[in-house]
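>>> Provided below are the primary sequence and the corresponding predicted coordinates.
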Amino acid sequence: MKSLRLTRPTWRVLAHGGAGPRRSTAAQRTCLTEVLILGSNILQVGQSALDAVEAMIRHLEDSGLFNAGSGSRRQLDGVQRMDASIMEGKELRAGGVATLELVRNPIMAARLVMEETDHVLVVGQQATRLARHFGLPRIHSVKKAARQSSGKHRPLPNEKTLTLYKKMAQYGTVGAVALDQHGHLAAGASTGGVPVMLPGRVGDSPLIGSGVYADNRAGAISMTGLGEGIIRLALAKQIASAMENGRSPVQAARQSLNKLVNRIQGQAGCLVMAPDGRFAIRHVTPFMSAGHWNGKGNPIVNDKF
Ligand code: ASP
């Protein structure tokens, strides 16, 4: 009788630094490479996909090179308000924060919501308070000073400038997805929002099912792009459901992104991972800076997939 060889699922990490009309910088690509190595080191020693996703996003937030953490863009009143979420695919636990202020790592706050509260989403000043309660590091005080002064007397740009700025701006949100050695999936996202936004605006990134989803029986997804469109189609869950119904990551991503473009002229990109390690990085924007690695060869980081 043939003996059965039990094979471990191939672990893998995916990360992105946003989708949009511009290429990433060399510094951003280097940072994405570092992040893929960081995530891989965590998975290689048997730690969880959740730990890898949190650590990768934390590093991207700390870099200040992306529209997340200390690098977050400001809302029209001059204040940085950040959104983030994280989800794990074994028990479908999830946590998110929205319009968080002055917290260095919103992704850590999202994980706190998941692990330390009975809730999934905490917003506004109460989210900041929760982060303070658990002693999460603050954004450096220079940024705080900038925030306090920039809120006042901030001239609003005229319509032509706003339209041009919207077209030129890179979204620059960050996200990560991982599959660990034990076959568990996780996904997360962190952002400072879109180029021009009203104070209090919330995008897809903190919304489970829109910006992020993870289910060991379907797949893990992290979205980026214009959040308003992603929310209206609940894209992350839509991609997960397509995979649960037998679609490959590429098919599921393509189908949902086509729908986004055809139905509501949306713009987005996504990281998608199947429970067996197949994956897709797809976008309908001109560029998406992202990468993947499973420890073999060198990490792959590109601007187009
Ligand atoms: N999805 C983010 C938001 O709408 C932005 C981005 O991904 O760049 O807030």
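Sure thing, it's come through.

>>> now the helices for the stretch 1-150 of the chain?
If DSSP state H, counting those that start in this stretch is used as the criterion, the helices of the stretch 1-150 of the chain fall at 26-44, 49-63, 106-116, 124-133, 141-150.

>>> Buried residues in the fourth one, which are they?
The reference is to helix 124-133. Along helix 124-133, these residues count as buried under the neighbour rule (16 or more other Cβ atoms under 10 Å): 127, 128, 130, 131. Bear in mind the C-beta positions are built from the backbone N, C-alpha and C, glycine included.

>>> Now distance to residue 190 and mean pLDDT too, for the helices of the stretch 1-150 of the chain, in JSON lines please.
Formatted as JSON lines, these follow (distance: least, Cβ to Cβ, whole Å; pLDDT from 0 to 100):
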{"stretch": "helix 26-44", "distance to residue 190": "12", "mean pLDDT": "97"}
{"stretch": "helix 49-63", "distance to residue 190": "5", "mean pLDDT": "97"}
{"stretch": "helix 106-116", "distance to residue 190": "5", "mean pLDDT": "98"}
{"stretch": "helix 124-133", "distance to residue 190": "13", "mean pLDDT": "97"}
{"stretch": "helix 141-150", "distance to residue 190": "16", "mean pLDDT": "48"}
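
>>> Reformat these as a markdown table; add distance to residue 301.
Formatted as a markdown table, the helices of the stretch 1-150 of the chain follow (distance: least, Cβ to Cβ, whole Å):
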| stretch | distance to residue 301 |
| --- | --- |
| helix 26-44 | 5 |
| helix 49-63 | 13 |
| helix 106-116 | 20 |
| helix 124-133 | 30 |
| helix 141-150 | 27 |
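
>>> if we can go back for a sec, if we look at the ligand, which of the buried residues of helix 124-133 are close to it?
Residues of these in contact with the ligand (Cβ under 6 Å from any ligand atom): none.

>>> Nearest residue to residue 12 in space, please, no chain neighbours.
Using Cβ to Cβ, 6 or more residues apart in numbering and skipping residues adjacent in sequence, the residue nearest residue 12 is residue 294, 4.2 Å away.

>>> Per-residue confidence at that neighbour, what does it come out as?
Looking at residue 294, its pLDDT is 96.

>>> so what's it up against?
10, 11, 12, 13, 40, 277 (Cβ atoms under 8 Å, 6 or more residues apart in numbering).

>>> ok, now how distant is the first one from the ligand?
Noted for residue 10: a distance of 28 Å to the ligand, by Cβ to the nearest ligand atom, to the nearest Å.

>>> so the residue lying closest to that residue once chain neighbours are set aside, which of the three states?
Once flanking residues are discounted, residue 10 sits nearest to residue 277: 4.2 Å by Cβ to Cβ, 6+ apart. Following DSSP: H, G, I helix; E, B strand; the rest coil, the label given to residue 277 is coil.

>>> Residue 277 and residue 178 touch, don't they?
No - the pair residue 277 / residue 178 is not scored as a contact, 10.7 Å apart, by Cβ atoms under 8 Å.

>>> Mutual contacts of these two, please.
Common contact partners of residue 277 and residue 178 (Cβ under 8 Å, 6+ apart): 11, 12.
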